[in-house]
Every structure is written in C-alpha cells, then in structure tokens.
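Asker: Give me the fold of what follows.
(chains A and B)
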Amino acid sequence: MKHARVLFNGSELDVTVEDNGQLKSKTDGQLINEADVTWLCPVENPGTIFALGLNYADHARELAFEPPKEPLVFLKGTNTLTGHKQNAYRPDNIEFQHYECELVAVIGKEGKNISREDAMDYIAGYTVCNDFAIRDYLENYYRPNLRVKSRDSLLPIGPYVIDKDDVGDISDLRVTTHVNGELTQEGTTKDIIFDVPFLVEYLSKIMTLKPGDMIATGTPEGLKDMQPGDKVVCEIEKIGALETYIVSEQEFYGDKY
Amino acid sequence: MTNNPIVKGKLVCVALNDAEQFEAMQAEFNEAPYKSAPTQPVLYFKPHNTWSTEGAEVEWAADAESMVVGASLAVVFGKECCRVSQEEALDYVGGYTLVHDFSLPEKSYYRPDIKGKCLDGSAPIGADVVAAANVADPQALSVVTKVNGEVVNEMPLSRTVRGVAELISTISYIMTLQPGDVIAVAFPGQRAPVNKGDKVTSEIAGVVSLNNQLGQ
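Answerer: Take a look at the predicted model:
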C-alpha cells in the first residue's frame, strides 16, 4: 500500500494511492483526483532525519574520496521537508546547487540496540527524497553543515511511503534523476556501501530510533547544477518518482525576501 | 527518557562560540582538516531522542569511558522567525532558559558528531522559561555550572564570538524557526568532565537554573 498525506479542501488528509493513480481517503474512502490536492511530506510526525554522505561507491569516487570506513551521518531539520510537486529554492548568488536522489527508509517501530538480523522489522516502508545541497556553503566544520543541507524546502520527499513488503528486496534498485526530462543521474542501490540493516544497527546502538524517524541512504554519482525554472524528477525503481520545481529565493520567500 | 515540555520542533546548538576557545584554536583552525577558521556559525542539532528536562537523570552512554557537559543559555522562540534582521531578532524570542549538552568528549569539529551528540536524554532543557520581557539584555547574562557543588565553568554571554541577536538573524536565514524551537547559543569551550552519579547544576543568577544527575 502507498500512504500519502495531502491538503484537500483546506484540510490535511491521509490517503492511499491506488493503482490507477487516484487518491483514496483513509477516513471515508472518498476517491480524489491528484489534480485537486497539494502533496505534503508523507510522514505525519517527522522525527529525526538522518542523511548519509558518500554512501555510494561511485559517488565517493566522483568526489575523489576514499569510500568511508564508518558511515558519514548528518541530521537535517524538519524545516527542510516539503512534498511532491512543490517548490524548492535556489539561493541567490551561488555557483553550485545540486539534487541528490535518495532511497529513504522510514522507521515504524521504536527500538534501541537493534541487530542487523532484526533491523528490517523496524522499517515501515520506503520513500524517495531529493537531498539538495549548496556546495558553495561547505566549510570544514561538522561537514556537511546545516547551512549546506538544512535550508527550508531543500528536502522534498514522497510522493508516498510504500509498505516494505510491497517492495521486497531493495539491494539492486535503479536510481535516476531527470532534469527537464534529461537523464542526469543514474545508479543502483547495489553500490550502497552501508545498507539499511547496517544503518539501523549502527544508529540504534547510539540512540533510540522511533516511528517517523527517516534514514536517507545517500546518492550515486551524476550531480549537476540546477537553476530556477528547472523541473527535477528523482525516481527509484519500485518505490516512486518525486517531482520538484526549482524557484528563485525571491519567488520562494515572497514578502519575506 | 523524559519528554521535555518546552522544545517542540528543533534544538539547534552553536559550537565554537566561546571567544576564548575560538582564539585558542586559531593555529589548529589553519591546519588539516579545517585549513581555515570558520566564517559562519558552526551548528549542530540535538535530535528529539536527546530532549529531556529539569531533574531528569541522564543516562551514562553505553561503554563510554568519559562524558562531558556544557551549559548554554537557551533561546526559546515565541513566534515563527524567518529571515529577520539583527535589530528585530529579539522580538521573536518567547523566553529564555538553560540547556545542558551531555556528550562524549569532542576530538574534532570536522564531521557531524552523531556518536557524541545524539545520546538518549543528553539534552535536558529547563522547565521554567523566563519571559523575554523580563530579560533586558541577554548579552549581560552569565551561565555558571557546578558539578557536585564545585564551580567548573562560567560562560558570560559577553564572551561570545557572535551574540544572541546576530545568531538568531543568521540562523533564521538558513532555517525558519517555529514557536517552541530552541537555539543553544553558547557553550563554554572547555566542557566539564563528569562521572557516573555526578550532580550537575547550572544557573543564571536570579533568573533560571537546571539540575541533572548522571546515571550509574
């Protein structure tokens, strides 16, 4: 089942996404056309958002880094979250902002000290995120720092969370990004260095994981700059395709610019 | 683990904001891996599993040989704060309290320190929030920390690299802050070592205090 959250007639609504693409209200079964809703972050109470740096063998090579021996984990604020088909902004006067298409594992059950063998019992499902980064702002302190990674709207996620059992094996899924219809990023989850069971074990040794926590598992090679006006589609085989529109800082913030 | 009644969405902490520490680290800043001093505030999150409160026992981290603590003035937002100037920054503050940041000792500021900073219950936040209207100038405050009654740290807010209003403004251009979000603005550069069972008390004289004890 595919679980989404949308704004419909001014109210937040939990829906399932049906095979024909229609949305079905979880409360009263009403069928809704996608054209009539605004997509929200599919996780209702987002908890800790973990993101992985350099977690694909090919991407680590692309950035001329040795593959890490220990996961490079950083955290993102909930202010970064936005839904499918929403705007994300590009700051003024920067040289390089890129997308990062990532498989996201959503935690469904509280746990600490979870073994690799039991890890999948704690996953509710999967979704797709676009973990935008502004490379101009990298400084060598807690890198990648919040200024690069934790800006408003720079973590589009969705369109929905698909149940783990509907996906099955996640060890070789195609990962792609299209910018304005052109394929710019292509990889496979086969290249992931630290996989989901490893990460659940690793993180839960440090801290209690809770429902609504999310683990964004890193991105393969193929990072390119984007500009306002671009449409970016991040897709993961069997999971979904997440669409985002890039706007200028001024357009995004309007009166607050 | 104790839920905290104050913080709701984000707890943003500022590292390297003690001017004495910043000065002392100049040579290190110019070496690898940093290669130059930070030009922007160095920020980290304490995520929701870390949030705790006044009086709570703080878990001793599994297998940890040592832990450290720092205390900071906690700025609690009263209304949504997005892209504000320094001049208007304090208008968005609902009140002030204290944060304890219990951590593993910090060896480097190069990578996000998940292992050291994300321990369950490691960020107690004062239960009492002093209304912003009752604090004329947050830069005039000073945070004193005692371990088992002995003073281990004093952090006057006048000793910061960046003041409260400047930090609020800068951070509000990175992320929109919501009511109930908290910024911990300045920890002393020398965090105090603590042992199992220690009592940690921090205080802003006459304003607010925060008491915690390490577990066994």
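Asker: contacting residues around A:Thr208?
Answerer: Neighbour list for A:Thr208: A:110-112, B:1, B:49, B:120 [criterion: C-beta atoms under 8 Å, 6 or more residues apart in numbering or on different chains]. The way it works is simple: take the backbone N, C-alpha and C, and place the C-beta from them, glycine included.
Asker: how does it look with 6 Å?
Answerer: Contacts for A:Thr208 (C-beta atoms under 6 Å, 6 or more residues apart in numbering or on different chains) come out as A:112, B:49, B:120.
Asker: Which of the residues you listed has the largest number of neighbours?
Answerer: Within the contacts of A:Thr208, most neighbours by other C-beta atoms under 10 Å in any protein chain shown means B:Asn49, with 23 neighbours.
Asker: Shouldn't that residue be within a helix?
Answerer: Yes - counting by DSSP: H, G, I helix; E, B strand; the rest coil, B:Asn49 is found in a helix.
Asker: For A:Lys26, grab the count of nearby residues.
Answerer: A:Lys26 has 15 neighbours, counted by other C-beta under 10 Å.
Asker: just B:Gly55 next, same as before
Answerer: Neighbour tally, B:Gly55, other C-beta under 10 Å: 12.
Asker: ok, and the closest non-adjacent residue to it?
Answerer: Leaving aside its sequence neighbours, B:Gly55 sits nearest to B:Asn211 (C-beta to C-beta, 6 or more residues apart in numbering or on different chains; 6.0 Å).
Asker: Return the set of buried residues in the helix ranked longest in chain B.
Answerer: Scanning chain B for the longest helix, with DSSP state H as the assignment, gives helix B:164-174. For helix B:164-174, a neighbour-count test (16 or more other C-beta atoms under 10 Å in any protein chain shown) marks B:164-165, B:167-174 as buried.
Asker: of these, closest to A:Phe252?
Answerer: B:Tyr173 (12.5 Å; C-beta to C-beta).
Asker: And that closest one, how close does it get to B:Tyr96?
Answerer: Separation of B:Tyr173 from B:Tyr96 (C-beta to C-beta, to the nearest Å): 22 Å.
Asker: again, but for B:Ala184
Answerer: For B:Ala184, the distance to B:Tyr96 - C-beta to C-beta - is 11 Å.
Asker: you'd agree B:Gln21 is in a helix?
Answerer: Yes - counting by three-state DSSP, B:Gln21 is found in a helix.
Asker: Contacts only, for it.
Answerer: B:Gly189.
Asker: State the pLDDT value of it.
Answerer: The model reports B:Gln21 with a pLDDT of 96.
Asker: From chain A, how far out is it?
Answerer: In this view, B:Gln21 and chain A are 13 Å apart by C-beta to the nearest C-beta, to the nearest Å.
Asker: Show me which residues of chain A sit near chain B.
Answerer: Residues of chain A lying close to chain B by C-beta under 6 Å from any C-beta of the partner chain are A:47-48, A:73-75, A:77-79, A:139-142, A:146-147, A:150-152, A:206-208, A:256.
Asker: Now with 8 Å, please.
Answerer: A:47-48, A:50, A:72-75, A:77-80, A:112, A:137, A:139-147, A:150-152, A:203, A:205-210, A:253, A:256-257 (C-beta under 8 Å from any C-beta of the partner chain).
Asker: In the chain, mark out all the helices, start to finish.
Answerer: Assuming you mean chain A. Using DSSP H, helices in chain A cover A:57-62, A:146-149, A:164-167, A:196-206, A:249-253.
Asker: Chain B is the one I meant
Answerer: Ranges of helices in chain B, per DSSP H, are B:19-24, B:26-29, B:86-89, B:114-117, B:164-174.
Asker: and the second one, which residues are buried?
Answerer: Using 16+ other C-beta under 10 Å as the test for burial, helix B:26-29 gives B:Phe29.
Asker: what's in contact with that helix?
Answerer: Against helix B:26-29 from outside (C-beta under 8 Å, 6+ apart): B:34, B:36-38.
Asker: Also stretch A:90-102?
Answerer: In this structure, residues lying in contact with stretch A:90-102 by C-beta under 8 Å, 6+ apart are A:51-52, A:128-137, A:151, A:175-177, A:179, A:185, A:216-220, A:223-228, A:232, A:234-236, A:242, A:244, A:246-250.
Asker: and with 7 Å instead?
Answerer: A:128-136, A:175-177, A:185, A:216-219, A:223-228, A:232, A:234, A:236, A:246, A:248-249 (C-beta atoms under 7 Å, 6 or more residues apart in numbering or on different chains).
Asker: Quick one: mean pLDDT over it.
Answerer: Stretch A:90-102 carries an average pLDDT of 96.
Asker: got a pLDDT number for the nearest residue to B:Val93 once chain neighbours are set aside?
Answerer: Leaving aside its chain neighbours, B:Val93 sits nearest to B:Ala132 (4.3 Å; criterion: C-beta to C-beta, 6+ apart). If you check B:Ala132, the pLDDT there is 95.
Asker: quick revisit: what about chain A: which of the buried residues of helix B:164-174 touch it?
Answerer: By C-beta under 7 Å from any C-beta of the partner chain, the members of these lying near chain A are B:Ile174.
Asker: Appreciated, that's everything.
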